[in-house]
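**Student:** Here is the input, now give the coordinates:
(one chain, ligands or ions: 3)
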Amino acid sequence: MQFSGPEPDNTKPACTGILLTNLGTPDSTSTGDVRRYLKQFLSDPRVIETPRLLWWLILHGVILRIRPPRSAKAYRKIWTAQGSPLLYHTKHIAEKLELSLQTEIGTPITVVTAMRYGQPSIAEGLETLRRRNARRVLVLPLYPQYSATTVASTFDEISRVLQEWRWLPELRFINHYHDDPAYIAAMARSISAYWREKGQPDRLLLSFHGIPQSYEDKGDPYGRECNTTARLIAQTLGLADEQWGISFQSRVGNQVWLKPYTDETLRQWGVEGIKRVDVACPGFPADCLETIEEIGEENRDYFLEAGGKEYNYIPALNSSNEHIDALTKLVKLHLWQPD
Ligand SMILES: C=CC1=C(C)c2cc3[nH]c(cc4nc(cc5[nH]c(cc1n2)c(C)c5CCC(=O)O)C(CCC(=O)O)=C4C)c(C)c3C=C
Ligand SMILES: [Fe+2]
Ligand SMILES: [Fe+2]
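**Tutor:** Ligands and ions are numbered 1, 2, ... in the order given. You can find the predicted model right below:
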């Protein structure tokens, strides 16, 4: 094994680094770039637990032929002049979080963005921190709820990259913050601010990305953590049981995923005569394909076609001040005491 250099740049003062990570996104909406992204994402054994040889045949024989053009079409609907929403929101959160932490904490601190799949990679993010002489690194994956498919996968990639380093920084890793009071308060404040402007709906749906039910059966705590987050937000908003619900979206393939499903729930609510539904996605701190297109557009149609009259998607926290304040508090809880 060759350990890579150079060593930390000691000509610069030592600082603490925050590696702010998110899932990642294609480089562009071309089918080729989307295929490259999906190949990396769906080859991760934390995401797909099917035996490797069988999965390789399915992935290369079927999925990577059919899905990239379909996903590319969906990405084209949400792409902006600044590129992919997931990436620019995450970068903007990192910039504002750095300013906020520098104001709050006397010691030098730097925040760097990295993506589990695609660019900027985790290897690049760690290299940037090494060049800035970050001798202590706190990793903050932007996933409030723990799942092996997301948080453990991020940890796998960090440890894979660091296996090649000689001189490791001190490391800390935030593995979830699903019940963190500042995050719950920020979510509740964002929803009630929306309602102050537009009035309150008949029902609030809190929709989370799903995972296969079999992963939960094998011990993944994700579904339980989503339920806790949803209950805490509803409690903070003072909602009665019949005023809100929880659901899981974005399922892929034909296995059973966590239920109830978002699309089925919205159709059912439309049929039941619920007039207005607002949807918020507390598992997505930054808006992305799954919120803007799937919740903002696709599921709107399901609800309205089933008889619903009004449907609103309440945007993610993104780089709002309430989100930055919550993340600043969260980071401060995990930081080292000053020397
Ligand atoms: C097929 C398995 C998948 C699992 C398991 C999964 C878990 C999971 N994903 C997120 C967050 C995001 N997923 C996003 C997109 C996305 N997810 C999957 C598949 C699984 N996700 C695919 C194939 C895609 C790509 C889009 C598509 O082709 O449909 C995104 C958005 C990325 C973007 O560029 O905007 C996010 C964010 C979580 C939190 C999670 C488990 C808890
Ligand atoms: Fe996903
Ligand atoms: Fe989706």
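**Student:** And the residue of the stretch 51-200 of the chain that's closest to ligand 3?
**Tutor:** Nearest residue of the stretch 51-200 of the chain to ligand 3, counting by C-beta to the ion: Ala74, 7.2 Å away. Any C-beta I mention is one placed from the backbone N, CA and C, and that applies to glycine too.
**Student:** do the helix or strand containing that residue and ligand 1 meet?
**Tutor:** Using DSSP states H and E, Ala74 sits in helix 64-78. Yes - applying C-beta under 6 Å from any ligand atom, one finds helix 64-78 in contact with ligand 1 at Arg67, Ser71.
**Student:** Near ligand 3, which residues of the stretch 151-300 of the chain? Just list them.
**Tutor:** Neighbours of ligand 3 within the stretch 151-300 of the chain, by C-beta under 5 Å from the ion: Ser250, Glu290, Glu294.
**Student:** Torsion angles phi and psi at the first one?
**Tutor:** Here is the backbone geometry of Ser250 (degrees, to the nearest 10): phi 60, psi 30.
**Student:** What of the one 4 residues further on?
**Tutor:** Comment: the main-chain dihedrals of Asn254 come out as phi -110, psi 20, following degrees, to the nearest 10.
**Student:** Tell me how far it lies from Ile58.
**Tutor:** From Asn254 across to Ile58, the span is 12 Å (C-beta to C-beta, to the nearest Å).
**Student:** Find residues that contact each of these two.
**Tutor:** Overlap between the contact sets of Asn254 and Ile58, as judged by C-beta atoms under 8 Å, 6 or more residues apart in numbering, is nil.
**Student:** remind me which residues of the protein are low pLDDT?
**Tutor:** Within the chain, the ranges that satisfy pLDDT under 70 run 1, 5-6.
**Student:** Would you map the helices across it?
**Tutor:** Applying DSSP state H to the chain gives helices spanning 31-42, 52-58, 64-78, 85-104, 122-131, 153-162, 181-198, 213-217, 222-237, 262-272, 289, 299-305, 321-334.
**Student:** Now distance to Tyr311 and mean neighbour count too, for the ones you listed, in TSV please.
**Tutor:** Rendered in TSV, the data for these read as follows (distance: least, C-beta to C-beta, whole Å; neighbours: other C-beta atoms under 10 Å):
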stretch	distance to Tyr311	mean neighbour count
helix 31-42	28	18
helix 52-58	35	12
helix 64-78	17	16
helix 85-104	20	19
helix 122-131	37	19
helix 153-162	33	18
helix 181-198	12	18
helix 213-217	27	15
helix 222-237	19	19
helix 262-272	8	19
helix 289	19	19
helix 299-305	5	18
helix 321-334	24	19
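**Student:** closest one to Glu7 among those helices?
**Tutor:** helix 122-131 (8.3 Å; C-beta to C-beta).
**Student:** Which secondary structure elements does that closest one sit against?
**Tutor:** Where contact means 3 or more C-beta pairs under 8 Å, 6 or more residues apart in numbering; DSSP states H and E, helix 122-131 is packed against strand 15-22, strand 109-115, helix 153-162.
**Student:** Need the contact partners of it.
**Tutor:** Residues outside helix 122-131 that contact it (C-beta under 8 Å, 6+ apart) are 8-9, 17, 19, 21, 110, 112-116, 137, 154, 157-158, 161-162, 165, 169.
**Student:** Give me the buried subset of these.
**Tutor:** Taking 16 or more other C-beta atoms under 10 Å as the criterion, what is buried in the contacts of helix 122-131 is 8, 17, 19, 21, 110, 112-116, 137, 154, 157-158, 161, 165, 169.
**Student:** Can you tell me what sits against stretch 312-319?
**Tutor:** 89, 92-93, 95-96, 186-187, 190-191, 194, 198, 201, 276-281, 284-287, 291-292, 295-296, 300, 323, 326.
**Student:** quick one: contacts for Ser153?
**Tutor:** Asp44, Arg46, Val47, Arg116.
**Student:** need those residues in JSON lines with distance to ligand 1, can you?
**Tutor:** Written out in JSON lines, the entries for the contacts of Ser153 read as follows (distance: C-beta to the nearest ligand atom, whole Å):
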{"residue": "Asp44", "distance to ligand 1": "9"}
{"residue": "Arg46", "distance to ligand 1": "8"}
{"residue": "Val47", "distance to ligand 1": "5"}
{"residue": "Arg116", "distance to ligand 1": "10"}
